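Student: sequence first, then the predicted structure:
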Amino acid sequence: MQWKQNGYEPLKWTGTLLALMICLGGCDRSHGQQGGPPRVPEVATVIIQPQQVELTTELPGRTTPYLVAEIRPQVNGIIKKRLFREGSDVKAGQLLYQIDPAPFQVALDSAKASLGKAQANLPSIRLKAERHRELLADNAVSKQDYDDAAAAMEQARAEIEYWKAQVEAARINLGYTRVTAPISGRIGKSSVTDGALVTAYQPMSLATIQQLDPIYVDVTQSSAELLRLKRNLEAGQLSADGKNGKKVRILLEDCTPYPLEGMLQFRDITVDQATGSFTLRIVVPNPKHLLLPGMFMRAVVQEGIAEQAILVPQQGVSRTPKGDPVALVVDEAGTVQQRPLTLNRALGDQWLVASGLQTGERVIVEGMLNIRPGATVKAVAWDGPKASGEAMKTVCPPVKSH
C-alpha cells in the first residue's frame with residue numbers, strides 16, 4: 001500500500017494509456033494508406049508537329065586576302081626614298097619607292113639622240129636612192145649602184161625603228177624607277193630602307209599589299225558530307241533554297257557572330273587526298289577591317305530546307321545501355337510506350353529525328369525518371385521552350401590558342 005500512497009500507480013496507468021493511443025493512431029493511418037487508390041504520376045509532354053527547318057552545317061576555316069601583291073623592283077638601282085607609312089592603306093597607282101632615276105634618264109636621252117641622228121640621215125639617203133632610180137631608167141648608172149642605194153635607204157629606215165624601240169625601252173625603265181602600288185589595300189612592313197641596293201625581279205619583295213575588303217574565308221568540308229547532301233537532295237528529303245542558298249553566316253574565333261553575311265563563291269573541284277576534304281571559298285564584306293588574314297573562322301553554310309522535319313527537345317531523348325536513342329510516348333489510353341529513334345543531328349537544344357516518331361504523338365520530356373514502359377500516367381502540356389524551326393543555333397566552343 002506504500003506505493004499507492006506515494007503516487008506510483010497513477011503514473012503507471014497514464015503511461016500505458018498513452019502507449020495504446022499512439023499505437024491505435026499509427027495503425028489507423030497505416031490502414032488508411034494501404035486501402036486508398038494508387039496515385040497516377042504526372043508527366044510533361046510535347047506534341048510532335050512537322051515543321052519547315054533550314055538545315056545548316058558549321059565548317060571551320062581561315063581568312064585569306066582577296067588580292068595579294070608582292071612589290072618587287074623591275075630595274076636595278078638604289079632606293080632614294082620610301083614614300084609610304086608601313087601598315088597604312090594605299091591606293092592603286094600610289095608611289096611607294098623612288099629608285100635613283102639618273103642613269104635611266106641618261107639612257108633615255110642617249111637613245112633619243114641616236115634616234116634623231118638616224119632620222120637626220122634618212123632624207124639624203126632617200127634622195128640618193130630616188131636619183132639612182134631615175135638614172136637607171138636612162139642607163140646612166142648600173143643596176144648594182146641602184147640596188148646599193150635602195151638597200152641603204154631601207155637600212156636607214158630600220159635603224160630609225162630600232163632607235164625608236166630603244167627610246168621606248170629607256171622610257172619604260174625610267175618609269176620603273178617609280179615603284180607604285182598595283183592594287184589598293186593595306187601595305188605591310190618594308191624590307192628595305194633608303195639607300196638600299198635592289199635588283200630587278202629579286203626574290204625578296206620590297207613590301208606586300210593585301211586587299212582586305214572584301215576578304216575570303218576558305219573553309220573545308222569532307223567529301224562524304226557532300227555525297228550525303230546530294231543523296232538527300234535527290235531523295236527529296238531536302239530542297240534547295242535558290243534565293244538564300246549562297247548566303248553564309250560567319251562566326252568569329254570567340255564565337256560571336258560577324259554582323260555581315262558572306263556569299264558562297266565556289267566549291268573546289270579537287271578533293272585533298274590526305275584529308276578527304278575540299279575547299280569552299282566565301283566572300284565576306286570587311287569594311288572595318290575587323291577580319292585579318294589568317295584568322296580562324298566558322299562558317300554556317302546552308303545545306304537545304306527540310307519541309308517536314310520532326311524536332312524533339314534533347315531532354316526527351318534517352319539512351320539504352322547499348323547507346324541507342326529512345327523516347328517515351330504517351331498513347332491515347334495514357335500508357336507509356338518506348339520508341340527507338342534514328343537521329344539526324346542536333347539543332348540547338350533539339351534533336352532532328354529521322355525516324356521513330358509520328359505526327360501527333362506525345363513525347364515525355366519531364367517526369368520520366370520514375371516511370372517505365374507500360375505504366376499509366378497523366379500527360380500535361382510542357383511549359384518549357386517550344387520547338388522552333390530555327391536551325392541556326394550552334395554550339396561554338398572557344399578555340400584554344402596554341
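Tutor: Looks like it came in fine.
Student: in this structure, which ranges drop under the pLDDT threshold?
Tutor: Applying pLDDT under 70 to the chain flags residues 1-38, 228-245, 385-402.
Student: helices of that one, residue ranges please.
Tutor: Using DSSP state H, the helices found in the chain span residues 2-5, 8-35, 102-137, 143-176, 223-235.
Student: my guess is Lys128 meets Ala150, correct?
Tutor: No - counting by CB atoms under 8 Å, Lys128 stays clear of Ala150, with 9.5 Å between them. (C-beta placed from N, C-alpha, C; glycine too.)
Student: can you give me the strands in the stretch 151-300 of the chain?
Tutor: 178-180, 185-187, 197-198, 207-222, 247-251, 262-267, 277-284, 296-313 (DSSP state E, counting those that start in this stretch).
Student: out of those, the one nearest Ile47 is which?
Tutor: strand 296-313 (10.9 Å; CB to CB).
Student: in the closest one, what's buried?
Tutor: Buried residues in strand 296-313, defined by neighbour count with 16 or more other CB atoms under 10 Å: 297-306, 309-313.
Student: could you tell me the angle between it and strand 277-284?
Tutor: 100 degrees (axes from the mean of the first three to the mean of the last three CA atoms, to 10 degrees).
Student: distance to Ala346 added to the strands of the stretch 151-300 of the chain, as JSON lines?
Tutor: Below are those laid out as JSON lines (distance: least, CB to CB, whole Å):
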{"stretch": "strand 178-180", "distance to Ala346": "53"}
{"stretch": "strand 185-187", "distance to Ala346": "40"}
{"stretch": "strand 197-198", "distance to Ala346": "57"}
{"stretch": "strand 207-222", "distance to Ala346": "18"}
{"stretch": "strand 247-251", "distance to Ala346": "16"}
{"stretch": "strand 262-267", "distance to Ala346": "23"}
{"stretch": "strand 277-284", "distance to Ala346": "22"}
{"stretch": "strand 296-313", "distance to Ala346": "10"}
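Student: and Met368, which of those is closest to it?
Tutor: Counting by CB to CB, Met368 lies closest to strand 296-313 out of the strands of the stretch 151-300 of the chain; the figure is 11.9 Å.
Student: list the contacts for the closest residue to Thr275 other than its chain neighbours?
Tutor: The spatial neighbour of Thr275 that comes closest, neighbours along the chain excluded (CB to CB, 6 or more residues apart in numbering), is Thr220 at 7.2 Å. By CB atoms under 8 Å, 6 or more residues apart in numbering, Thr220 lies in contact with Leu59, Pro60, Gly61, Asp272, Thr275, Ser277, Phe278, Thr279, Leu280.
Student: of the residues you listed, which is the nearest to Ala333?
Tutor: For the contacts of Thr220, the residue nearest Ala333 by CB to CB is Leu59; the value is 47.0 Å.
Student: okay, now the closest one: neighbour count?
Tutor: For Leu59, the count of nearby residues is 21 (other CB atoms under 10 Å).
Student: wait, it touches Gln221, no?
Tutor: Yes - using CB under 8 Å, Leu59 makes contact with Gln221 at a distance of 5.5 Å.
Student: can you say which of the contacts of Thr220 are buried?
Tutor: Leu59, Gly61, Ser277, Phe278, Thr279, Leu280.
Student: show me the contacts for the closest residue to Arg131 other than its chain neighbours.
Tutor: Among residues not flanking Arg131 along the chain, Ala149 sits closest, at 8.0 Å (CB to CB, 6+ apart). Ala149 is in contact with Ile125, Lys128, Ala129, Arg131, His132, counting by CB under 8 Å, 6+ apart.
Student: restricted to buried residues, select those in ChimeraX.
Tutor: Only the buried entries of the contacts of Ala149 go into this ChimeraX selection, using 16+ other CB under 10 Å:
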select :125,128,129,132
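Student: could the contacts of Ala149 go into a markdown table alongside distance to Leu260?
Tutor: Compiled in a markdown table, these are given as follows (distance: CB to CB, whole Å):
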| residue | distance to Leu260 |
| --- | --- |
| Ile125 | 70 |
| Lys128 | 75 |
| Ala129 | 73 |
| Arg131 | 79 |
| His132 | 78 |
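Student: where's Asp109 relative to Thr177, distance?
Tutor: Separation of Asp109 from Thr177 (CB to CB, to the nearest Å): 15 Å.
Student: these two - which one has more neighbours?
Tutor: Thr177 (22 against 13).
Student: mind listing what the more buried one touches?
Tutor: Thr177 makes contact with Val75, Gly77, Gln98, Ile99, Asp100, Pro101, Phe104, according to CB under 8 Å, 6+ apart.
Student: is it true that the last one touches Ile172?
Tutor: In other words, Phe104. No - counting by CB under 8 Å, Phe104 sits too far from Ile172 to count as a contact (9.4 Å).
Student: of those two, who's got more company?
Tutor: Higher neighbour count among Phe104 and Ile172: Phe104, with 21 against 13, using other CB under 10 Å.
Student: leaving out chain neighbours, which residue sits closest to the more buried one?
Tutor: For Phe104, ignoring the flanking residues on the chain, the nearest one in space by CB to CB, 6+ apart is Leu174 at 4.2 Å.
Student: measure the one you found to Leu59 for me?
Tutor: For Leu174, the distance to Leu59 equals 51 Å [CB to CB].
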